[in-house]
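# can you look at this prediction? I've put the sequence above it.
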Amino acid sequence: MTAQDVVLKEIAPVRVAELTAVAASYQVEDIGPVIQPVYPELFRWLSAAGVNPTGPGIAWYEPADAGGDAVVVHAGVLVDAEPAAAPDVTVRDLPGLRSAATIIHHGAMDDVEPSMQALARWIEENGYRTDGFAREVYLDYCADTPEKGSTDSPAR
């Protein structure tokens with residue numbers, strides 16, 4: 001990865017439907033087994049409610065408890081629906097980000113670490129700081145061939 005791979009941009013607010021789960025940590029080996037089964041469940045609930053996704057999946061994370069390693073994993077997808085439209089999932093508005101450093105990761109999310117390290121280096125080398133965990137936008141999600149996927153990972 002080179003510095004040219006990182007783009008500083010504004011992220012627009014979006015409406016998502018989400019399900020959540022808790023992972024032991026923000027490490028790839030803890031996130032993957034937690035988030036992978038949540039997306040099929042999310043899509044089952046949306047289908048049952050007659051709500052169609054309108055864009056890509058988006059995942060984001062937040063601390064599960066003060067001082068601990070655990071994180072709440074938010075598995076979401078863009079929707080154009082009111083909060084009551086899908087009673088078994090949460091429909092909410094994700095706020096926009098005035099400025100986010102972003103990098104496109106090509107390949108399986110199990111192999112995202114080098115991309116995230118390149119993004120972290122760029123942030124540090126350019127005098128920025130992060131404000132929480134990254135938000136992942138699954139541009140090309142390939143369940144059967146994850147190595148063919150593309151993910152935009154904005155750091156806020």
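Cool, got the structure. Numbers count the residues shown, from 1 in each chain.

# avg pLDDT for stretch 71-84?
The average pLDDT within stretch 71-84 is 94.

# strands along the protein, start to end?
Secondary structure of the chain (DSSP state E): strands at 6-11, 14-23, 53-63, 71-79, 90-94, 97-106, 135-140, 150-152.

# what count of nearby residues applies to the nearest residue to residue 98 once chain neighbours are set aside?
With sequence-adjacent residues excluded and distances taken as CB to CB, 6 or more residues apart in numbering, residue 98 is closest to residue 10, at 6.1 Å. C-beta here means a position set from N, CA and C on the backbone, and glycine is covered the same way. Close neighbours of residue 10, defined as other CB atoms under 10 Å, add up to 10.

# next: residue 134.
So residue 134, with other CB under 10 Å, has 23 neighbours.

# returning to what we had before: could I get the strands of the chain as CSV with distance to residue 119?
Output for those, formatted as CSV (distance: least, CB to CB, whole Å):
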stretch, distance to residue 119
strand 6-11, 6
strand 14-23, 20
strand 53-63, 15
strand 71-79, 18
strand 90-94, 19
strand 97-106, 4
strand 135-140, 12
strand 150-152, 11
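
# the residue positioned nearest the centre of the chain and residue 29: what is the separation?
With distances taken as CA atoms, centre = their mean, the residue of the chain nearest its centroid is residue 59 (2.3 Å). Computed as CB to CB, to the nearest Å, the residue 59 to residue 29 distance reads 16 Å.
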